[in-house]
Structure formats: C-alpha cells, structure tokens
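K.L.:
Provided below for reference: sequence and predicted model.
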Amino acid sequence: MTETGKPELLIVDDDPVIADTLSYVLSGDFTVTTAESRPHAKALLRQRDTPPALALIDLGLPPKPHRPDEGFQLIAELIAIAPTIKIIVLSGQNDESNARHARTLGAIDFVSKPADPAQIKALLLQALEVTSAETGSDASGLIGNSPPMKKLREQLTQFADAPFPVLIEGESGSGKELVAQALHKQSRRAGKPFLALNCAAISPTLVEPTLFGYAKGAFTGAVTARAGYFEDAVDSTLFLDEIGELPLELQAKLLRVLENGEFQRVGETQNRVSNARIITATNRDLRSEVRHNRFRADLYHRLSVFTIGVPALRDLGDDKQLLLDHFRSFYAQQIGAQPVELSKDALRMWRDYPFPGNVRELRNVVIRLCTKYAGTEITPLLLHSEFDREVQAPAGLAEMSEESVLLDAARRQIEADPDFKLDEVLKRWERGFIEAALAMTNGNLSQAAKRLGVQRTTLYSRMQTRGDAGEDK
C-alpha cells in the first residue's frame, strides 16, 4: 500500500494509448506505475523498497512486439524479483497456448485485447483479495507425505538450530523461501525477525549499501547514516534469495562476513561484527557457475556447509492431491465460495500433470478454478484448459485420451439438458467447424475443405443445405 492507501499496480505495455487509458481508468482504485518494456519495468522495480502487489503486462513488448518472448521473460523475472506479485496478462497475442504458458510461468490470469476496463478492474481487485488472504497465513506451507518431503523435514530438523550457513537449491516456484522460513521458525532464533533480501530485486549498485549499510555522505543521496541487513539481523536469520545474482565484486565481501562476521558500512573504515545466521537460495546450478567463473568457488563452499534440495512438484506423487485439497479449501473460504470438486478422470489428470511451475503454478490453477467454477465439479475438459499444452506430458497423462475427455463432456451435456437433441447438437458443431475453417482460409472453399478433410463438393453441399454457400475464392 502507498501513502494514499491504494494498492500499487505496475502496467507494462508499449502502446502509450493503452497504457495511459488504463492508468487513467484504474487510478481511482490503484496507484499506477507504467513501463513500456521489460528492462524499463525491471529498472522501476529495483528502485523500490517494496514491489507492487499487482502487475498488468502485455506479452508483445519491444524489441519483438509481435512475439510473446519478452512478455514471457518478464513474467519469470517479475516472479523472481517479487514472488508475491500477482500478474495478469493483457495481450493481443491471445493464442490459447500463450495463455497457458503465461499461467505456467506464474501469471494468475490472461485477458485478450481489446478488453473491458471494468473486467480488468474486477480481476485486479479479485487478485488483491487473494493476496490479502495469503498474508499471514500458512496457505503455502510445507505440505506432503511423499518420501522427498519426509527427507526435507528431516533435514530441517537437523539443520535448523545450527549456526552454520544453509544453501537451498530448487526450481522456480518450488517454495525455497518457505523452507528458509521453516529453518528460522524451528531454530532458537525464532523469536527474532526473519529478514529476507532478493539479490535479483535491486540494482547491483545498491546491493552493498543495502547489505552492509552506509555512512552519511558516502554517496549522493546518503543524507543520513543507515544500518544494513547484517546489522539489523542481530541474533536472527538473514535470507539471501537468488544468491547467484550477486555481483562478483561483492562476493568477496560476503565471504569475509561469513568467515569472521566482520564488515564495514559503505564510506566507513570501522569494522562491525554480525552474528546473523545466513541462509541462501538459488534456482541456478552454482557448481556450473563456479566452473564458468561466474561464482566464487570459496564462497560457494562457505555457503553450502549444509545444502537442502527442494523437490520439484512432479516428483511428489500424491502430494499434488494434498496440495489441491489444502489450497481449494483455503481459497474457497477466503473468497466466500464453495470449494470445487474434481471428477474421477480430472483427478487422474491432475495427478499426472507435471506442473513445471511447481507449487506456484498449482496454487494459481486452484485460485482460477475456485473463482471461475465455485461449487461445481471440474471435468477433464475444464481442467485441460488450465494446463499448458506445450508441456511434455508423462505417460500417465497420455493415457487420458481425447475420447475420454469428449465422453465426459458429452455425458455432462446430456445430463444438463432434458430436451437434448443429438441432430441439433451435431448441426451446431458442424456449422462451427465449417465457419472456423472458412475463417482460417479467408473463405477459400478448396482450402477449407482440405483443412476439414472432406471433398470440396461435400463441403459445398453441406453449406448449401445451411443456405450460406458462396463463390469460391
């Protein structure tokens, strides 16, 4: 929240008309900041002490405005910089695969351009409700009974009270900060604040004064002396996320603190001593970084006195269902809705899907299901629309055949419509396929027939029956 009491919103769009219009429309409910590119958005975030709660971003950004690459990369980078940020994609590149991939990366929703500002506002406010519900809760707690999760808990018990550094490794979205918090909560330092700094979230030039503090007049803007994280973390825990992003020139200074606790504020010569317990995390392979001279070997060995590997969600088996049960109950209660239920086949699809975005992706899928289909049974067809089709499915998912999905949808339609008439349904489907093929081929009957796998005369005959046959282009 800003001083005005409004939640902060970052809008990233290279079209100034769209950005200005949205900023004007949404400024009554949000404090809006705009950026026209991925680098601009990152630069704005690194200038801030706290990230905005919400982001509304376009996929097609310069230098490749006709491709989604920059937008996808920005989603991943925003999540890395601010894991709690809620991202909604607003894009003219509305291919369904783009929407699914954006959600896999961490976006909570996708809106196609042009969009009604009222719809955008409603989605943003809804996302804000979810954010408020998560604050102070254990909604993303360490849940699971699989062997990898049991091993993780054993490591937490072993390492929690030791004063030595811990390096947490794991994929994006797997819950590394939660593991760090669990180490702190199970230690004798639990009564002290847990301090966390994301090394990717601030400008490299600000990392040193942020960590070590600075003297008055040490640099332009240093009008007063200020303590850094190492001083503030007295008898407590300091968590450095994305440690692989730490500039090489600062790695030596961090190593010195780890070796003897000594450091100096920027602009001072006086040695100070920190007794903070250091926990770091990364989704990089730091051993590979060391081999390529991008990370100091001595610092790596000092940070990894203890190493904890956070398992990927795809390796947790039935824990995916435990997480489903936990999140759907939690979010249904928070937003005042009835929880969703998954059909037998949908539940099987859920267990087989690999969730490349890990727990973050699973949580976002549950949020969307709870808000869009509250109190209903989720079929494979509905669930399939929330998953990323570009993800390589495991063998179990492949067994969920298209026929199975269609049979489930057909059964539900028959049950829901007491006046169901097969001929009418088939006519509607045929009309839809014909219109789609004609639209794809700009009305060319020959090409449309080829796309539909029928003879041109057959297509023409069916169009005549419907009364809308025209001249072939």
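P.N.:
Thanks, I have the structure now.

K.L.:
Pull up the distance across stretch 164-183, start to finish.
P.N.:
12 Å (Cα to Cα, to the nearest Å).

K.L.:
Number the residues from 44 up from this point.
P.N.:
All right, first residue 44 from here; so that's stretch 207-226.

K.L.:
ok now the helix or strand where residue 479 lies, how far from the chain's centre?
P.N.:
If you go by DSSP states H and E, residue 479 is part of helix 465-483. Relative to its chain's centre, helix 465-483 lies at 37 Å (Cα atoms, centre = their mean, to the nearest Å).

K.L.:
Which elements pack onto that helix?
P.N.:
Helices and strands touching helix 465-483, by 3 or more Cβ pairs under 8 Å, 6 or more residues apart in numbering; DSSP states H and E, are helix 488-495, helix 499-509. For glycine as for every other residue, the C-beta is placed from the backbone atoms N, C-alpha and C.

K.L.:
Quick check: which of these is buried the most?
P.N.:
For the helices and strands packed on helix 465-483, the largest average neighbour count (mean count of other Cβ atoms under 10 Å) is found in helix 488-495, namely a mean of 18.

K.L.:
Give me the contacts around it.
P.N.:
For helix 488-495, contacts defined as Cβ atoms under 8 Å, 6 or more residues apart in numbering pick out 476-477, 480-481, 483-484, 498-499, 501-503, 506, 515-516.

K.L.:
and these as TSV, adding pLDDT and distance to residue 64?
P.N.:
Formatted as TSV, the contacts of helix 488-495 follow (pLDDT from 0 to 100; distance: Cβ to Cβ, whole Å):
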residue	pLDDT	distance to residue 64
476	80	37
477	83	37
480	79	36
481	81	34
483	76	31
484	79	35
498	86	49
499	82	46
501	84	48
502	82	43
503	80	45
506	79	41
515	48	42
516	48	38
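
K.L.:
Map the structural domains onto the sequence of the chain.
P.N.:
51-177, 190-353, 357-459, 465-509 (automatic domain parsing).

K.L.:
How far does the first one sit from its chain's centre?
P.N.:
To tie it back to what came earlier, the one meant is domain 51-177. Its chain's C-alpha centre and that of domain 51-177 lie 12 Å apart, by Cα atoms, centre = their mean.

K.L.:
Ends of stretch 344-354, what's the gap?
P.N.:
In stretch 344-354, first residue to last residue: 22 Å (Cα to Cα).

K.L.:
Which positions within it qualify as buried?
P.N.:
Within stretch 344-354, the residues scored as buried using 16 or more other Cβ atoms under 10 Å are 345-347, 349, 351-354.

K.L.:
from those, which two are the most distant?
P.N.:
Maximum pairwise distance among the buried residues of stretch 344-354 (Cβ to Cβ): 25.0 Å, between 345 and 354.

K.L.:
Could you give the number of residues near the residue nearest to residue 340 when sequence neighbours are not counted?
P.N.:
Distances taken as Cβ to Cβ, 6 or more residues apart in numbering put residue 333 closest to residue 340, at 4.8 Å, once the chain neighbours are dropped. By the other Cβ atoms under 10 Å criterion, the neighbourhood of residue 333 contains 16 residues.

K.L.:
tell me the mean pLDDT for the host helix or strand of residue 333?
P.N.:
For residue 333, the element it lies in under DSSP H and E is helix 329-334. Averaged over helix 329-334, pLDDT sits at 94.

K.L.:
before we move on, what about stretch 169-187?
P.N.:
The model assigns stretch 169-187 a mean pLDDT of 62.

K.L.:
Distance of residue 364 relative to residue 186?
P.N.:
In this view, residue 364 and residue 186 are 11 Å apart by Cβ to Cβ, to the nearest Å.

K.L.:
For those two, indicate the residue with more neighbours.
P.N.:
Using other Cβ under 10 Å, the more surrounded residue of residue 364 and residue 186 is residue 186, with 17 against 14.

K.L.:
Assess the claim that the more buried one and residue 369 are in contact.
P.N.:
Yes: between residue 186 and residue 369 there is a contact under Cβ atoms under 8 Å: 5.5 Å.

K.L.:
circling back to that earlier point, orientation of the helix holding residue 479 relative to helix 499-509 in degrees?
P.N.:
Between the axis of helix 465-483 and that of helix 499-509 there is an angle of 120 degrees, by axes from the mean of the first three to the mean of the last three Cα atoms, to 10 degrees.

K.L.:
Show which residues not belonging to helix 465-483 make contact with it.
P.N.:
Helix 465-483 is contacted by residues 456, 487-488, 491-492, 494-495, 502, 505-506, 509 when judged by Cβ under 8 Å, 6+ apart.

K.L.:
Give me the angle between that helix and helix 488-495.
P.N.:
With the same axes, to 10 degrees as the basis, helix 465-483 and helix 488-495 are set at 120 degrees to each other.

K.L.:
Put the alpha carbons of helix 465-483 into PDB.
P.N.:
What follows is helix 465-483, C-alpha atoms only, in PDB (Å, rounded to 0.1, in the frame of the first residue of the first chain):
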ATOM      1  CA  LEU A 465     -28.500 -35.100 -31.000                       C
ATOM      2  CA  ASP A 466     -29.200 -33.800 -34.500                       C
ATOM      3  CA  GLU A 467     -29.300 -30.200 -33.400                       C
ATOM      4  CA  VAL A 468     -26.100 -30.500 -31.400                       C
ATOM      5  CA  LEU A 469     -24.300 -32.100 -34.400                       C
ATOM      6  CA  LYS A 470     -25.500 -29.400 -36.700                       C
ATOM      7  CA  ARG A 471     -24.200 -26.700 -34.400                       C
ATOM      8  CA  TRP A 472     -20.800 -28.500 -34.200                       C
ATOM      9  CA  GLU A 473     -20.700 -28.900 -38.000                       C
ATOM     10  CA  ARG A 474     -21.500 -25.200 -38.500                       C
ATOM     11  CA  GLY A 475     -18.800 -24.200 -36.000                       C
ATOM     12  CA  PHE A 476     -16.100 -26.300 -37.700                       C
ATOM     13  CA  ILE A 477     -17.100 -25.100 -41.200                       C
ATOM     14  CA  GLU A 478     -17.100 -21.400 -40.100                       C
ATOM     15  CA  ALA A 479     -13.700 -21.900 -38.400                       C
ATOM     16  CA  ALA A 480     -12.200 -23.500 -41.400                       C
ATOM     17  CA  LEU A 481     -13.500 -20.700 -43.700                       C
ATOM     18  CA  ALA A 482     -12.200 -18.000 -41.400                       C
ATOM     19  CA  MET A 483      -8.800 -19.700 -41.300                       C
END
